[in-house]
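Participant: Provided below for reference: sequence and predicted model.
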Amino acid sequence: MGRVSRLSRRAFALAALSTLTTASGGAAVAVPDRRSAVPRRVTEMRGVWLAAVENRDWPSRPGLSAAEQRAELLAHLDHAAEAGLNTVFFQARPTADALWPSPYEPWSRYLTGTQGENPGWDPLGTAVTEAHARGLELHAWFNPYRIAIHADPGRLVENHPARRNPGWVVPYGGKLYYNPGLPEVRAFVQDAMLDAVEKYPVDAVHFDDYFYPYPVAGQTFDDGDAYDRYGGGFPSRAAWRRDNIDLLVRETSARVKKVRPGVRFGISPFGVWRNATTDPRGSHTRALQTYDDLHADTRRWVRENWIDYIVPQLYWHIGFAAADYAELLPWWAEVARGTGTQLYAGEALYKAGADGQPAPWQDPAELSRHLTLAQRHPEVRGHVFFAAREVAADPIGAMARVVADHYGQPATPPR
């Protein structure tokens with residue numbers, strides 16, 4: 001198949017790829033059965049992502065005072081509540097750092113401008129308390145493997161785990177990543193994330209779409225030594241990589257339930273599992289494939305009830321040829337049907353009215369049409385909007401249109 005223009009959640013590339021690989025295997029890990037563990041109440045997810053990475057949504061810039069950071073955070077929570085939302089996905093670990101006092105990793109530089117510098121307050125603890133005070137759920141959002149949005153370990157604070165353990169680190173595409181193929185890395189990142197779950201009454205643990213990194217043309221993710229050590233029982237490196245991510249998901253799921261029973265675990269992957277031209281079970285799309293390109297078997301996680309909810313990032317308009325929202329939403333509904341995994345749709349609010357976006361995204365009604373379409377599919381239990389900055393600014397009134405058309409009545413949290 002010919003190549004198409006590339007798209008993704010945050011301007012990542014999309015490509016039509018046709019590599020067929022073997023499904024992953026590996027040792028079994030005990031995971032609760034979501035069919036009985038998760039009650040199927042009639043509730044609706046109305047969520048928003050609040051991103052801290054590169055100061056995308058909050059804080060508006062590094063170096064604000066503690067009082068200024070806190071005031072901006074509370075304003076975002078107020079905007080969410082005023083819009084009729086019921087859940088905030090708070091990015092607590094953007095780049096192998098922390099927005100709470102962590103014994104594992106340094107304070108995030110997105111707070112003070114200097115990695116490791118104490119901001120003088122507890123953002124995650126405040127976010128949990130203040131969200132709950134407004135009737136909002138707080139889902140703690142973590143990025144498991146991204147270390148830095150640059151490729152220089154020397155720029156990390158001196159006691160950073162990546163500097164103490166250089167063998168854990170893989171530079172790729174101008175960034176630094178932990179190597180998912182090392183068992184000690186998988187254990188460490190879980191320990192670092194679960195510290196927050198132990199300390200705070202969060203309502204869920206949430207991963208985004210970054211597992212193995214998005215492909216960069218002409219570059220190779222150098223995990224050859226780890227593959228030589230641990231990949232011998234797999235038919236291909238791709239199968240071994242998928243098993244590494246499967247283990248992260250299954251182990252995290254089990255550990256979350258052990259640390260704080262009742263806390264949910266969900267993931268928001270890139271919206272295409274596989275294209276139908278690669279796998280007849282896939283969607284009629286021409287896009288990057290999480291199974292092949294990020295080594296994330298997102299369909300399997302749903303079908304085998306390894307996670308409580310999934311929020312595929314369906315960041316395209318209705319009628320888009322390469323990845324049509326109207327094609328992908330029913331595809332995901334079919335995947336979720338009959339499972340214990342709840343399905344929410346990730347919505348590209350950030351595209352509404354944005355420069356360079358095609359005509360459908362200049363129409364304030366586009367997102368409202370997404371929610372109308374979802375009403376035909378009972379498996380779709382709600383929507384999550386990217387991101388908080390646009391909920392607050394709403395440049396062309398797309399969020400206001402959603403609220404007017406669909407959120408006239410309050411929704412209880414999506415349990």
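Facilitator: Arrived safely, thanks for sending. Residues are numbered from 1 along each chain as shown.
Participant: Which strand or helix spans the residue nearest to Phe386 when sequence neighbours are not counted?
Facilitator: Spatial nearest neighbour of Phe386, chain neighbours left out: Trp49 (5.0 Å); criterion: Cβ to Cβ, 6 or more residues apart in numbering. The C-beta positions use only the backbone N, C-alpha and C, and glycine is treated the same way. Using DSSP states H and E, Trp49 sits within strand 45-50.
Participant: Give me the contact list for that strand.
Facilitator: Strand 45-50 is contacted from outside by 57-58, 76, 80, 83-91, 139, 141, 268, 309, 311, 342, 344, 381-388, 391, 407, 411, 414, using Cβ atoms under 8 Å, 6 or more residues apart in numbering.
Participant: tell me the average confidence for that strand?
Facilitator: For strand 45-50, the mean pLDDT works out to 98.
Participant: That strand pairs with which strands, parallel or anti?
Facilitator: With DSSP bridges as the test, strand 45-50 is paired with strand 87-93 (parallel), strand 380-386 (parallel).
Participant: who touches the first one?
Facilitator: Judged by Cβ under 8 Å, 6+ apart, the contacts made with strand 87-93 from elsewhere in the structure are 45-53, 76-77, 80, 98-100, 105, 123-124, 127, 131, 136-143, 192-193, 196, 203, 206, 268, 384, 388, 413-414.
Participant: Arg303 is in contact with Thr339, correct?
Facilitator: Yes: using Cβ atoms under 8 Å, Thr339 is in contact with Arg303, at 6.1 Å.
Participant: of those two, who's got more company?
Facilitator: When Thr339 and Arg303 are compared for neighbours, Thr339 comes out ahead with 19 against 15, by other Cβ atoms under 10 Å.
Participant: can you confirm that one is in a strand?
Facilitator: No: going by DSSP: H, G, I helix; E, B strand; the rest coil, the assignment for Thr339 is coil, not a strand.
Participant: and the next element down the chain from the helix or strand containing Tyr110?
Facilitator: Taking DSSP H and E as the definition, Tyr110 sits inside helix 109-112. Next in sequence after helix 109-112, counting helices and strands by DSSP H and E, comes helix 123-133.
Participant: number of nearby residues for Arg281?
Facilitator: 12.
Participant: got the contact list for it?
Facilitator: Arg274, Arg299.
Participant: for the one 10 residues further on, same thing?
Facilitator: Contacts for Tyr291 (Cβ under 8 Å, 6+ apart) come out as Thr21, Arg242, Trp273, Arg274, Asp279, Asp297, Thr298, Arg299.
Participant: Keep only those of these that are in helices.
Facilitator: Mapping the contacts of Tyr291 onto helices (DSSP state H) picks out Arg242, Thr298, Arg299.
Participant: in terms of contact, does the first one touch Ala296 like I think?
Facilitator: Meaning Arg242. Yes: assessed by Cβ under 8 Å, Arg242 is found in contact with Ala296 at 7.3 Å.
Participant: Out of the strands paired with strand 45-50, which is the most enclosed?
Facilitator: Mean neighbours per residue, mean count of other Cβ atoms under 10 Å, is largest over the strands paired with strand 45-50 for strand 87-93, with a mean of 27.
Participant: Looking at that one now, give me its mean pLDDT.
Facilitator: 98.
Participant: by how many degrees do the helix or strand harbouring Ser368 and strand 45-50 diverge?
Facilitator: Per DSSP H and E: Ser368 is located in helix 366-374. Angle of helix 366-374 versus strand 45-50, following axes from the mean of the first three to the mean of the last three Cα atoms, to 10 degrees, is 140 degrees.
Participant: Can you mark which positions in helix 366-374 are buried?
Facilitator: Within helix 366-374, the residues scored as buried using 16 or more other Cβ atoms under 10 Å are Glu366, Leu367, Ser368, Arg369, His370, Leu371, Leu373, Ala374.
Participant: who's in contact with it?
Facilitator: Contacts of helix 366-374 (Cβ under 8 Å, 6+ apart): 314, 317-318, 325-326, 329, 345, 347, 349, 352, 360, 380, 383, 385, 398-399, 401-402, 405-406.
Participant: Turn the buried ones among those residues into a named ChimeraX selection, would you?
Facilitator: Buried subset of the contacts of helix 366-374, written as a ChimeraX selection, criterion 16+ other Cβ under 10 Å:
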select :314,317,325,329,345,347,349,352,360,380,383,385,398,399,401,402,406
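Participant: Next one: the residue in the chain sticking out farthest from the centre from Ala226, what distance?
Facilitator: Largest separation from the mean C-alpha position in the chain: Gly232, at 30.3 Å (Cα atoms, centre = their mean). Counting by Cβ to Cβ, to the nearest Å, the gap from Gly232 to Ala226 is 12 Å.
Participant: Okay, the residue most central in space within the chain and Val185: tell me how far apart.
Facilitator: When Cα atoms, centre = their mean is applied to the chain, the residue found nearest the centroid is Asp208 (1.4 Å). Going from Asp208 to Val185 by Cβ to Cβ gives 18 Å.
Participant: now the contacts of Tyr291: which count as buried?
Facilitator: Thr21, Arg242, Trp273, Arg274, Asp279, Asp297, Thr298, Arg299.
Participant: And the strands in the stretch 151-300 of the chain?
Facilitator: 169-172, 175-178, 204-207, 264-267 (DSSP state E, counting those that start in this stretch).
Participant: do the stretch 1-150 of the chain as well
Facilitator: 45-50, 87-93, 137-142, 146-148.
Participant: Now the second one - C-alpha only, PDB.
Facilitator: The C-alpha trace of strand 87-93 is given here as PDB (Å, rounded to 0.1, in the frame of the first residue of the first chain):
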ATOM      1  CA  THR A  87     -13.400  13.600  35.700                       C
ATOM      2  CA  VAL A  88     -10.000  15.200  35.400                       C
ATOM      3  CA  PHE A  89      -7.000  13.200  34.100                       C
ATOM      4  CA  PHE A  90      -4.200  14.900  36.000                       C
ATOM      5  CA  GLN A  91      -0.700  14.400  34.500                       C
ATOM      6  CA  ALA A  92       1.300  13.500  37.600                       C
ATOM      7  CA  ARG A  93       4.400  12.000  35.900                       C
END
